[in-house]
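Colleague: what shape does this take:
(chains A and B)
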Amino acid sequence: MNRRDLVVGAATGALALGSGGLAGVLHRRSTFGYDGLEVKGAGVERITPNDKFYVVTKNLIDPRVDRERWRLRLSGLVENPMTLDFGEVSNLKLVEQETTLECISNGVGAGLISNAVWRGIPLRELIGEARPESGSRRVFFHAADGFTHSTSLEKALDPTTMLVFEMNGEPLPDRHGYPARLIVPGAYGELSVKWIDRIEVIDDDREGYYEKQGWKAERAHTMSRIDVPAKNGRVRGRTEIRGVAFAGDRGISKVEVSTDGGDRWRGARIDYHPSRLTWAHWSLMWSPAAGDGELVVRATDGQGKPQSTKKESSVPDGATGLHRVSVRVET
Amino acid sequence: MKVGGVLAGLTVLLASLVARVALGVPLPVELISDRFLPFVPVAAFVPSLGVVGGPVLAKELAFYSSFLILIGIGLSAARGYARLDRHRLPILAGAALAGWLLALAVLWPALASNYHGLPPDSARLLAAGTLAVLFALLAGVLHVTRRDA
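Modeller: Residues are numbered from 1 along each chain as shown, chains lettered A, B, ... in the order given. Model prediction:
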């Protein structure tokens, strides 16, 4: 081995070590450990703690946005384009809104759904200040990570559509969109764009990241889930059945449970349902009888429309169907 | 040739990792996935994730295999460069320039992303500059490590 080979070999080793070290840093920051985090089962809380809130992200490594550098631009078909820094946006009058988010890929009985108290400003205040031009009809959102999504101008101007900076009394965690994200009640979570940095008022039908793939997230289906007892769990004597139900921004008016596979139904008690924008926590006390064994739940939204019983996968507009849980009744 | 190719690939890999960690510039794999994944219909996208064991495993696979791909690119480029007998440096420089321009053209919409939150125009400038450095490093290391350079 000559001197040149030695130098090249040493350089290769050093580069491999350096690359391995930085790859390790990125791996530790990556989404691999939390992407797909679910919230279900006996431990489901009314307000989901930030570190337990479900996460679905397109990213290998989520952004870590520098708040001092962050700017929000309102552009497109507006008479008054604006660029605002974090201080200017967060010094507006902030309001709190409890809202449940659900991922469009949440399957029947799955846990990609959580509830939090968000603090920020109604998006209509910002868009109103920018003064959309006549003929504008949609809004296109851009995020630091390249994610994009559109919605109707009407939805963007809905009083419940928010630009938020805090989650359960704390600044948004990085993985939930720090320093600012949207909250769009009624739609699936992909429309609540994280790390948002540009709002563009448009008059065309351009599609965002997941919209191009064919996802249709504008309207969350009514869902209900049994959290307790667990699937294939053993029950004996008087037992509590409980779970959650959610219907986007339409609220929940009724939850019913069957303990015999769907022949007979009983109304469950709604224990928690602070507004039409949140999930409902429900429960039912049950004394198992002969023939019992398959628990089924169904909900009715706040407009009186029952949950769809048709079993459909989440592609392309969210899953439908009833959650069924088989249990072993011990006498 | 092989060592030179590995060295070139590792140099590009290290530089892209430094740019990602220090400046928030997307890795090549992130640029490519953000550019092309939206065009994969959901009816094909979701089942394909299932084939590789779910979305998280698919991401890990993409993350680590992209490193090997960069080294593979270094090796392929080194092999091609070794075959040249004449006008080596101008051809290498021209190929690097062409590669950079092609990358800009293909990835342009995705270049506006920055994981530290830089505004889109600055982000695009930084990402384009980083790509230029990556192509220059690839060419430079190939040239320096060529046996009779």
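Colleague: give the rounded mean pLDDT of the lengthiest strand in chain A.
Modeller: Longest strand of chain A, by residue count under DSSP state E: strand A:113-122. Averaging pLDDT along strand A:113-122 gives 98.
Colleague: the longest helix seen in chain B close to chain A?
Modeller: In chain B, ranked by residue count with DSSP state H as the criterion, the top helix is helix B:55-82. Yes: counting by C-beta under 8 Å from any C-beta of the partner chain, chain A has neighbours in helix B:55-82: B:55-56, B:59-60, B:62-64, B:67. Yep, even glycine has a C-beta here, placed from its N, CA and C like the rest.
Colleague: quick one: buried ones out of those?
Modeller: Among the residues of helix B:55-82 next to chain A, those classed as buried by 16 or more other C-beta atoms under 10 Å in any protein chain shown are B:55-56, B:59-60, B:62-63, B:67.
Colleague: which of those residues lies closest to A:Gly251?
Modeller: For those, the closest approach to A:Gly251 (C-beta to C-beta) belongs to B:Pro55, at 31.2 Å.
Colleague: that closest one reaches B:Leu49, doesn't it?
Modeller: Yes: using C-beta atoms under 8 Å, B:Pro55 is in contact with B:Leu49, at 5.0 Å.
Colleague: what is the longest strand of chain A packed up against?
Modeller: For strand A:113-122, the elements it packs on are strand A:95-102, strand A:162-167, judged by 3 or more C-beta pairs under 8 Å, 6 or more residues apart in numbering or on different chains; DSSP states H and E.
Colleague: got any ranges where the chain has weak pLDDT?
Modeller: Because you didn't say which chain, this covers chain A. A:1, A:291 (pLDDT under 70).
Colleague: that was the other one, I meant chain B.
Modeller: If you take pLDDT under 70 as the line, chain B has these spans: B:1, B:147-149.
Colleague: tell me the centre residue of it?
Modeller: Nearest to the mean C-alpha position of chain B, by C-alpha atoms, centre = their mean, lies B:Pro28 at 4.3 Å.
Colleague: buried ones in the longest helix along chain A?
Modeller: When chain A is parsed with DSSP H, its longest helix is helix A:3-29. Neighbour counts over helix A:3-29 (16+ other C-beta under 10 Å) mark A:8, A:11-12, A:15-16, A:18-19, A:22-23, A:29 as buried.
Colleague: can you narrow the residues you listed to ones near chain B?
Modeller: A:8, A:11-12, A:15-16, A:18-19, A:22-23.
Colleague: distance check, the nearest residue to B:Trp100 once chain neighbours are set aside against A:Tyr210.
Modeller: What sits nearest to B:Trp100 in space, not counting adjacent residues and going by C-beta to C-beta, 6 or more residues apart in numbering or on different chains, is B:Phe135, at 4.4 Å. Distance of B:Phe135 to A:Tyr210, given as C-beta to C-beta, to the nearest Å: 32 Å.
Colleague: more crowded one of these two?
Modeller: Set B:Phe135 next to A:Tyr210 and count neighbours by other C-beta atoms under 10 Å in any protein chain shown: A:Tyr210 wins out with 24 against 21.
Colleague: from the contact counts, what lies against the helix or strand where B:Thr11 lies?
Modeller: Using DSSP states H and E, B:Thr11 falls within helix B:2-23. When contacts are defined as 3+ C-beta pairs under 8 Å, 6+ apart, helix B:2-23 packs onto helix A:3-29, helix B:55-82, helix B:120-145.
Colleague: can I get these in CSV including distance to A:Ala187?
Modeller: Output for these, formatted as CSV (distance: least, C-beta to C-beta, whole Å):
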stretch, distance to A:Ala187
helix A:3-29, 29
helix B:55-82, 21
helix B:120-145, 24
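Colleague: among those, which is nearest A:Ala144?
Modeller: helix B:120-145 (8.2 Å).
Colleague: what angle separates the closest one from helix A:3-29?
Modeller: Computed by axes from the mean of the first three to the mean of the last three C-alpha atoms, to 10 degrees, the angle separating helix B:120-145 from helix A:3-29 equals 150 degrees.
Colleague: buried stuff in helix B:120-145?
Modeller: B:120, B:123-124, B:126-128, B:130-143, B:145.
Colleague: same check, this time on stretch A:292-310
Modeller: Those would be A:292, A:295-302, A:307, for stretch A:292-310 by 16+ other C-beta under 10 Å.
Colleague: gap between the two ends of it?
Modeller: 23 Å (C-alpha to C-alpha, to the nearest Å).
Colleague: measure B:Leu138 to B:Leu92 for me?
Modeller: Applying C-beta to C-beta to B:Leu138 and B:Leu92 gives a distance of 9 Å.
Colleague: now do the helix or strand just after the helix holding B:Thr11: distance to the chain's middle.
Modeller: Downstream of helix B:2-23, the next assigned helix or strand under DSSP H and E is helix B:28-36. Chain-centre distance of helix B:28-36: 10 Å, with C-alpha atoms, centre = their mean, to the nearest Å.
Colleague: what's the answer for stretch B:101-113, then?
Modeller: 12 Å.
Colleague: follow-up on the earlier one: give the partner strands of the longest strand of chain A in its sheet and their orientations.
Modeller: Paired strands of strand A:113-122, with direction, are strand A:95-102 (antiparallel), strand A:162-167 (antiparallel) (DSSP bridges).
Colleague: alpha carbons only: can I get it in PDB?
Modeller: What follows is strand A:113-122, C-alpha atoms only, in PDB (Å, rounded to 0.1, in the frame of the first residue of the first chain):
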ATOM      1  CA  ILE A 113     -57.800  10.400  16.800                       C
ATOM      2  CA  SER A 114     -57.200  12.800  19.600                       C
ATOM      3  CA  ASN A 115     -58.600  15.900  21.300                       C
ATOM      4  CA  ALA A 116     -56.900  19.100  22.500                       C
ATOM      5  CA  VAL A 117     -57.500  22.600  23.500                       C
ATOM      6  CA  TRP A 118     -55.900  24.900  20.900                       C
ATOM      7  CA  ARG A 119     -55.100  28.600  21.200                       C
ATOM      8  CA  GLY A 120     -54.800  31.000  18.300                       C
ATOM      9  CA  ILE A 121     -56.800  33.200  16.100                       C
ATOM     10  CA  PRO A 122     -59.700  32.600  13.700                       C
END
